[in-house]
Structure formats: structure tokens, C-alpha cells
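Trainee: Based on what follows, work out the 3D shape:
(one chain, ligands or ions: 3)
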Amino acid sequence: MRLVKANFLVKEIRNKNPLKVLVRAYSDDEIVPNLLRGVDYVRHPRLNKGLAFSFEERQVLGIHGLLAGTVKTQEEQIAICKYSLNRYKNPLNKHLYLAELLDTNEKLFYELMSTDVEKYLPLVYTPTVGLVCQRFGLVYKRPRGLFITLHDKGKIRGILRNWPETHVRAICFTDGERILGLGDLGAYGMGIPIGKLCLYTALAGVPPAHCLPITLDVGTNNQMLLEDPMYIGIREKRATGDSYDEFIEEFMEACVNQYTHSILLQFEDFALANATRLLDRYKNCYCTFNDDIQGTASVVVAGMFAACRITKKKLKDNIYLFLGAGSAGVGIANLVCDAMVEEGISMEEAVKKIYMFDAGGLLSTKRQGGVPPHATKFGRDMEPTKDFGSLVGSLKVTCLVGASTVGGAFTSAILQQMGKNTERPQIYALSNPTVKAECTPQQAYDATEGRCIYASGSPFPPVKFGGKTYHTGQGNNSYVFPGIALGVILCHAHHVPDSMFLTAAKTLAKCVTQKDLDLGRIYPHLNEVRVISSKIAVSIINRAFNEGLAGIYPKPENVEDFVQKYMYNSKYVDYLPDRYDYPCGDSKIKVKTMEELMASLTKKTKKGRCK
Ligand SMILES: NC(=O)C1=CN([C@@H]2O[C@H](COP(=O)(O)OP(=O)(O)OC[C@H]3O[C@@H](n4cnc5c(N)ncnc54)[C@H](OP(=O)(O)O)[C@@H]3O)[C@@H](O)[C@H]2O)C=CC1
Ligand SMILES: CC(=O)C(=O)O
Ligand SMILES: [Mg+2]
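Mentor: Residues are numbered from 1 along each chain as shown. Ligands and ions are numbered 1, 2, ... in the order given. Next up, the predicted model:
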């Protein structure tokens, strides 16, 4: 929501004092709050500017005296925020400071984020968000999203109506069962949709008012939480079977009924048993995607495309071994196959280049219990094995992908073997948060004589090797899901097919510069991500029109402009534009300066026309 124009309606002038006015604020796309008093501009995080209200604004809004006698620019305020943040040593405290800022001054929060995304992202997202979720009972202060519990069955639409924003365009929701690599955190998982949607705005400029975080509280099987006095969710074992499915079904329908069929529904951090099943059920009838399956696939394939420029090979020239054959692992494997098919080999040939491992060992058709249904495509007709390390050597793996939640699983022996298999081994340690990473970049560089191409799900400090410093990149879906969402929202896409994730991967890979590659990263600098998101959005909109999936007509003449115009601007708005159109009684006052405004108001009040 951008306040482009603020029209002030005189509602009441008490004691003939034209400065005490009640005002009504309009925006370009909605009447924000219907009737605001001046003080609401200070109290409402969306409108608040702190000490940046000019003296004129303070007079007109009747807030003079509520603020200290100095006017500070947004830039000066940012400097104070940075100073305050630096004083906290603990990331959780830094997060709490930022959350407080968001709750009091939304624009200042997003403007601060925009000054250094690389620095602030880890505080609102992984790894700190993992800690936030684990402590959510302590962190929780005020509603930043909706909790819908199993006991609300039959009333979900009514709960959606309670959300105060009317222009919701995207919902990110979790049932809290697989929060990062931390497992079942039940209602404490709320930190994830809040964090993800914060990135919609910070990384892709989707207006905050258009985003709704939701936790579907269906219970938890985490005994520690069930016994935790601070736990904020329902104290029941997780619902399963029909009870769970009916609940999800009602939720999906309620969202569409409340916000129309073009509402974007992002599944986040569902456990494997539900993630693929629900995506398959809903992807062709709702505008929906699963970030862990599809978003992750997109970012990893982008990294692989960029890595091709280093290895001088194609995707089809690699042998891939995955540790973890869950939502992320199988999602990536499927998209890599699609990309290899585009390189000219058959799907059958592509699948043969991929080997997958889960907790039960190699996905072998001969193993006891067979291959899980979501991964049957990757079942191998090989002897079962649980010896991951030996497979790395015997298969001559060139690309190692970790999405297992097992921190340190890529031992130095495994990494050394990767260095023997190929000149430039690719190592993706994707599990989050940091402690769950399959290896650190330093370990990967040390074990491969600095020859590896590395990416991790969570950020790591720079690597020192052979007298050089490398800045490895973050293979995290945050590079793609905000931009994809931006495109989908803008063109009212009917669905979000896998092809869109491949499109996003190609767009992201093109943004990687030679300088990035030289620095050791296969992703662009995070501080570029807003521009990248807008490029991804453009490519998604073009794809939606090409595939007949766009819900708007006609196609905008200039898609870049179309995207830019929508994107949220975190700079403060001047609430007193230089020409007021000031309805008063049955006539309008047209003035250019504050002095003219005051003079006109006083004149009209004396005549008794503006009571
Ligand atoms: N970087 C990024 O952008 C993203 C990172 N992730 C991270 O990836 C990790 C996995 O996520 P996701 O796929 O959704 O989770 P899932 O629960 O769907 O899958 C986990 C997989 O890891 C396997 N696994 C567990 N323990 C072992 C073990 N000891 N040895 C081998 N395999 C094992 C599981 O096997 P089994 O089923 O047999 O138990 C399963 O196949 C998480 O840490 C998550 O944070 C996820 C999405 C995005
Ligand atoms: C990044 C992400 O989505 C996850 O770790 O689940
Ligand atoms: Mg996730």
C-alpha cells in the first residue's frame, strides 16, 4: 500500500482552532484506515514516521508536542537503528529489536533492511528464525498472523474475516511439523510464515498489507512442547487422516472464498508425509506452491546453471548424489531432471544420473520397504546400502546435495573423495539452520584443496584458503520465492506450475556475474536481491501469459514498468503534498502552502461554514 496522496478532510475544528483536525487518509488503492485522528499517524506502524514528521505535519495532525522538538530524516533514524542494533551482541536480541521496530514503524524497518540485506537477512530469517521459533512462547507479543486451530473447523472463513487487512494477495502457511531442520515445533512454527512474508516485502517489494502469515495448529507430537508451560498452541497430539485432510480442505476453500481464486497460497515447512501429497492434490486447482519442494529446487538448479560456467560442463554431464530424499531433495532432483531434458536427453537418461539416499539408505528398489511413493522415480535397481561414503567414490559423484537435516554428515573423507572424483566438485549443504548444514564451506574448501563449488542453506562467514578469501553463496529459496510470488500476484496466475520454477532458476542464474564466480559464489550478492526479484517477476509474468495462465487481460505493454509500479516503497510519504484539495462544507479550499491553508481555514471558520 503506497500512500501517494493524503487528502485531509476537516471533520471538526474545536475552539476555533484550525490546527485540531480530524483527518481522513486516502491511498491510491484503498482508504487505509477509514477515519484517523492525527495521533493515529504516530500509533499506526504503517503510518508512523517517528521524529520524521515535519513541523507542518505535526501542526496539521495535532501531534505537536507528542514528539520531541527535533525533526529527524529517515536516514538519520536509520543511523540510530544501526547504532542500537550493534549494541546487542546476541542475534535473538537483535531480532527482537527489529520485530519491535516493525511493530512501531514499518517503513523504517523495511528501509533499514534495504540498506544491507546481507547483514539483516540472517536476523529475520535463517538462522535466527530457527531460534525464534524454538522460543516463540517468549517472543510472542501481538498478532502478526492468524492462528487457526483444529477446533476452528467449520469456522475458518469467519477467522479469516478477523484479519484486519482487506487486500490480502498472498498467504504463507505452515502446520509447524517440519520447521527448518528442527522438526515438529507445532504452533511455535509461526515464526516461519511471518519471516517468509517479511521477505516478500523486503526482497520483492510486495506491500506488507498484501501478506498474511497463518499457522494451522493441528496439535504437536513434540512431547517437550506439550509439557512446556509457555507453549501457545493446542495441547494435543497431531491430527492425522481424514480429520487433518478435511481441515486443510476447508482452509484452502475458505481462503479462496475470502480472497478470490487468485490468492497465492504458499505451503511452508510441512512434513514429508503431507508436503508432496497436498501439493499434488492442490497444485492444479489452486494458485499454490510448496516452497520447500519447488522454491528450493529452483534456487539449487540456478546454482547448478551458474556452476556450469565454471566447470564448462552441462547439467547432464554430472553424477548427482543426494543425502536426503524428502521434500527438498526430491523437489531438486525432479527439477534437475527437467533441466537436463531441456539439454536434450530423455527423462529416462536424466533420472539415471541421480542417486538418492534417505535415513534408510540408498533408494533401492530391492531394499526392505522399497522406495517411498513420492520418490519412486528415483528408485534404483541396485543392491541396498547404507554406506553413503563408499557410494561417493564408486559412483564418481560430481555433484553432492545435502538436504538431510544431519549437521556434519559430509565428513572430510566424503569431501576429499569429491575432490578426487572431479576437478571442480559441487557441494550443496542445504539443511537449515546453520548447525544442520551437512558441512561448512571451510571444511569443503580444506578437503578439496580449495577446488570445490559450494553453497549452503544458511549464511557462513567468508572462507580463507591458500591466501585468498572466498565468499560462498547461500543456496536458499529466499532468492526465488519472493520474486515468483511477486510475478504470480501481479498477473493473477491461475496456477504455479513447475515450469515457472525452471524459468525463475534461469533468470536467477543469468544474474550471476563473473565477479560473483571469482569470489566463490554461484549466486549474486544478496544486496542485489530486490532487483533480481523484479526480474524473476517479469519472467514469471511472461511465462504465465505464454502458458495461458495469466488472470489479467490484456498483457501489460511494458511488464518491467508494471512490476516496478506495484513494488512497495519504504521511503516515508510526505503527508502534506504541496497542493491541498481540502473539502470544507460544500466548497473546496485549494491552497499551495501551509500558511494559505491556515488562513483559509480561519476565514471559513469565522464565516461559520466549517463547523
Ligand atoms: N536451503 C534451502 O533453501 C532449503 C533447505 N531446506 C532444509 O533441508 C532440510 C530437509 O528439508 P526437507 O526435505 O523439507 O525435509 P524432509 O523431512 O522432507 O526430508 C528429510 C530427508 O532427510 C532424510 N534423512 C533424515 N536423516 C537422515 C540420515 N541420517 N541419513 C540420510 N538421510 C536422512 C529423511 O529420510 P527419511 O524420510 O527416511 O527419514 C528425508 O528423506 C531441512 O534442514 C531444511 O531446513 C529445506 C528447504 C529449503
Ligand atoms: C529455507 C527453508 O525453506 C527451509 O529451510 O525450510
Ligand atoms: Mg521451508
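
Trainee: drop to CA atoms for contacts and neighbour counts, all remaining ones
Mentor: Noted.

Trainee: Need the pLDDT of the nearest residue to Q294 once chain neighbours are set aside.
Mentor: What sits nearest to Q294 in space, not counting adjacent residues and going by C-alpha to C-alpha, 6 or more residues apart in numbering, is G331, at 5.8 Å. pLDDT for G331: 98.

Trainee: Stretch 473-492 near ligand 1 anywhere?
Mentor: Yes - between stretch 473-492 and ligand 1, judged by C-alpha under 6 Å from any ligand atom, the touching residues are 475-477.

Trainee: show me where the stretch 401-550 of the chain has strands.
Mentor: With DSSP state E, counting those that start in this stretch applied, the stretch 401-550 of the chain shows strands at 426-429, 453-456, 463-465, 468-470, 473-474, listed in chain order.

Trainee: which other residues reach the third one?
Mentor: What that stands for is strand 463-465. 441-442, 445-446, 450, 469-472 (C-alpha atoms under 8 Å, 6 or more residues apart in numbering).

Trainee: and with 10 Å instead?
Mentor: For strand 463-465, the external contacting residues (C-alpha atoms under 10 Å, 6 or more residues apart in numbering) are 440-446, 449-450, 469-472, 520.

Trainee: Spell out which residues of the chain are next to ligand 3.
Mentor: Contacts of the chain with ligand 3, taken as C-alpha under 5 Å from the ion, map to 269, 292.

Trainee: In a markdown table, list the contacts of strand 463-465 along with neighbour count and pLDDT.
Mentor: Putting the contacts of strand 463-465 into a markdown table (neighbours: other C-alpha atoms under 10 Å; pLDDT from 0 to 100) gives the following:
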| residue | neighbour count | pLDDT |
| --- | --- | --- |
| T440 | 24 | 98 |
| P441 | 29 | 98 |
| Q442 | 18 | 98 |
| Q443 | 17 | 98 |
| A444 | 30 | 98 |
| Y445 | 23 | 98 |
| D446 | 18 | 98 |
| E449 | 12 | 98 |
| G450 | 21 | 98 |
| T469 | 12 | 97 |
| Y470 | 21 | 98 |
| H471 | 22 | 97 |
| T472 | 25 | 98 |
| G520 | 22 | 97 |
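
Trainee: Closest one of these to S262?
Mentor: In terms of C-alpha to C-alpha, no member of the contacts of strand 463-465 lies closer to S262 than T472, at 37.3 Å.

Trainee: so what's that closest one closest to, chain neighbours aside?
Mentor: Of all residues not flanking T472 in the chain, R521 sits nearest, at 4.5 Å (C-alpha to C-alpha, 6+ apart).

Trainee: cool, and L197?
Mentor: Closest residue to L197 apart from its sequence neighbours, by C-alpha to C-alpha, 6+ apart: C211 at 6.2 Å.

Trainee: Thought P164 was touching the one you found, still the case?
Mentor: No - with contact defined as C-alpha atoms under 10 Å, C211 does not reach P164; the gap is 11.5 Å.

Trainee: Turn the contacts of strand 463-465 into TSV, including distance to ligand 1.
Mentor: Shown next, in TSV, are the contacts of strand 463-465 (distance: C-alpha to the nearest ligand atom, whole Å):
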residue	distance to ligand 1
T440	13
P441	14
Q442	18
Q443	18
A444	17
Y445	19
D446	22
E449	25
G450	22
T469	23
Y470	19
H471	17
T472	14
G520	17
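
Trainee: Which of the residues you listed fall in helices?
Mentor: Residues from those lying in helices, with DSSP state H as the criterion: 441-446.

Trainee: of the residues of stretch 473-492 next to ligand 1, closest to ligand 3?
Mentor: N477 (8.1 Å; C-alpha to the ion).

Trainee: which residues sit in contact with the residue nearest to that closest one when sequence neighbours are not counted?
Mentor: Nearest non-adjacent residue to N477, counting by C-alpha to C-alpha, 6+ apart: T296, 4.7 Å away. In this structure, T296 makes contact with 290, 302, 327-329, 331-332, 335, 430, 457, 475-481, 501, 505, judged by C-alpha under 10 Å, 6+ apart.

Trainee: restrict these to those near ligand 2?
Mentor: When contact is defined as C-alpha under 6 Å from any ligand atom, the contacts of T296 meet ligand 2 at 476-477.
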